[in-house]
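Novice: I'll drop the sequence and a predicted model, then ask my questions.
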Amino acid sequence: MPNERHTDHREWEIDASTRVGGHPFTKYSPFRTATSTTASTLFTVPSQILSTNWVENPGIEGSGITMFTATGSAIARDTGQAAEGAASLLVNPANSAASEGFYWSSPVVAVNKLPQHITVQAEVRGASASGSVKIQITDSSGTELATSADTNLTTSFAQITATYTIPGDTAGASYRIYVVSAAQHNINWYTDKIGFEVREDTLAVSSYTDGNQGIGYEWSSTTNNSSSYRRMGMSTIRGIQVRNESGTSAEVVFVAFDCVATATTGIPVIAGQALETVWPIDFRSYVSVISASGTPTVSGVVWGTHNG
Ligand SMILES: [Ca+2]
Ligand SMILES: [Ca+2]
C-alpha cells in the first residue's frame, strides 16, 4: 500500500492467539545447500497453494491407462519421452480426420449454488515438430464447452490449458478432457502431466499436481491410480535448524528472517556450529542466508504451520 500511516503499525505486528501459538508445527521444509557471499533465499512462504487433480494416472507413471479412451487413434503408455517421471501417453492418430486423440471422463461434478471453475491441463510433445493439437473441455457426450488455442507440436513438451465455468445451480454432471489433433495429421505425440481440477475461488490453472511430488502431495488412494492433492504449504515460519557444515573458521553463515541477510542483519552461525530455535518464532515472508567467505554448505530444516 502506498499510503500507510504510523498509526497502522498494529497491523504490521502479529500477536499469535493462544490457539495459534500452541499449534503443533505441521509443516517442514528440509534443505542442504551451498551458500555464497551473495545473499540467497533459503525458504519462502507460502511454499505452495492447495490444489487437487481428479485424473487417476495423470503422469502415466502407472501401468494402467484404462481411464483414457482413444478416439480415432491408438494410445499406449510409452517410456520414450516424459515431461515428468519415466513415461507418457503416446498417441498415434489414424490420420483420417481432425480431432483424433483421446479423452478422460470426470466423476460427477455435484450441483453447487455458486459457479464452479473447471481447469484442465496437459503437456504435449511431438514425435517430430509437425502437426497441431488442442485440449478441450466437453460435456459428458463430447460436445465442446471450451478449448485451448491450437498448439503446434515441437520436440519439447509444452503445456496446453483450457478453462470452463459451470454456472451456479447446474445439475450434477460428468465432464471430459479431450487432447486431440487440431487438424488432420499423422504425427504421433506424447501427452504427460494431465490435470483436471474443480474449484470455486479462481479460474487460474494450478501448477501441475500429483501424489508423487514430495512433501505435502498425496494420492487419495492407490499410487498412480487415484485422484491426488497438494496440501496448503507453510505460511508461518515457526522454527529453524541450520547447521554450518564448513570446517573453515572464516566461513561464517548469517541467517536472517523477513529481510535480506548481511553480516549485520543475520544471526551468525560459526563454522561447525548450528542455530536451532528452541522456542516458537513467527515470521511470514522468507529466510535469507549469506556467507562471510567461501561457499559453505548449510543443512537443516524450517518448521512451520499453515495459518497464522
Ligand atoms: Ca510421466
Ligand atoms: Ca498414425
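Specialist: Nice, thanks for sending it over. Ligands and ions are numbered 1, 2, ... in the order given.
Novice: quick one, what contacts the most centrally placed residue in the chain?
Specialist: Geometric centre of the chain, nearest residue: residue 207, 4.0 Å, by Cα atoms, centre = their mean. By Cβ atoms under 8 Å, 6 or more residues apart in numbering, residue 207 lies in contact with residue 51. Every residue, glycine included, has its C-beta placed from N, CA and C.
Novice: and it, which of the three is it?
Specialist: When classified by DSSP: H, G, I helix; E, B strand; the rest coil, residue 207 comes out as coil.
Novice: how near is it to residue 177?
Specialist: Look at residue 207 and residue 177: by Cβ to Cβ, to the nearest Å, they are 17 Å apart.
Novice: contacts for the host helix or strand of residue 89?
Specialist: Here residue 89, judged by DSSP states H and E, is contained in strand 88-93. Identification of contacts with strand 88-93 by Cβ under 8 Å, 6+ apart yields 59-60, 65, 68, 70, 72-78, 80-82, 100-102, 125, 179, 181, 184-192, 194.
Novice: Which element, helix or strand, includes the spatially closest residue to residue 159 that is not a sequence neighbour?
Specialist: Distances taken as Cβ to Cβ, 6 or more residues apart in numbering put residue 123 closest to residue 159, at 5.1 Å, once the chain neighbours are dropped. Element membership for residue 123, per DSSP H and E: strand 116-126.
Novice: How far does that strand sit from its chain's centre?
Specialist: 14 Å (Cα atoms, centre = their mean, to the nearest Å).
Novice: Check which element follows that strand along the chain.
Specialist: Criterion used, DSSP H and E; the element after strand 116-126 is strand 132-138.
Novice: other SSEs contacting that next one?
Specialist: In terms of contacts (3 or more Cβ pairs under 8 Å, 6 or more residues apart in numbering; DSSP states H and E), strand 132-138 is packed against strand 116-126, strand 144-147, strand 151-152, strand 158-166, strand 176-181.
Novice: of those, which approaches ligand 2 most closely?
Specialist: Proximity to ligand 2, assessed across the helices and strands packed on strand 132-138 by Cβ to the ion, is greatest for strand 176-181 (10.1 Å).
Novice: so after the closest one, what's the next helix or strand?
Specialist: strand 189-199.
Novice: Can you point out the buried residues in that following strand?
Specialist: Of the residues in strand 189-199, 189, 190, 191, 192, 193, 194, 195, 196, 197, 198 count as buried by neighbour count, 16 or more other Cβ atoms under 10 Å.
Novice: tell me the SS of the residue in the chain sticking out farthest from the centre?
Specialist: Taking Cα atoms, centre = their mean as the measure, the residue most remote from the mean C-alpha position of the chain is residue 249, 39.5 Å away. Following three-state DSSP, residue 249 is assigned to coil.
Novice: what about the nearest residue to it once chain neighbours are set aside, distance to ligand 1?
Specialist: Distances taken as Cβ to Cβ, 6+ apart place residue 271 nearest to residue 249, at 5.4 Å, with adjacent residues excluded. Residue 271 sits 42 Å away from ligand 1, going by Cβ to the ion, to the nearest Å.
Novice: How confident was the prediction at residue 271?
Specialist: Looking at residue 271, its pLDDT stands at 98.
Novice: Could you check how many residues crowd around it?
Specialist: Using other Cβ atoms under 10 Å, residue 271 has 18 neighbouring residues.
Novice: show me the contacts for it.
Specialist: So residue 271 contacts 244, 246, 247, 248, 249, 250, 251, 252, 296 (Cβ under 8 Å, 6+ apart).
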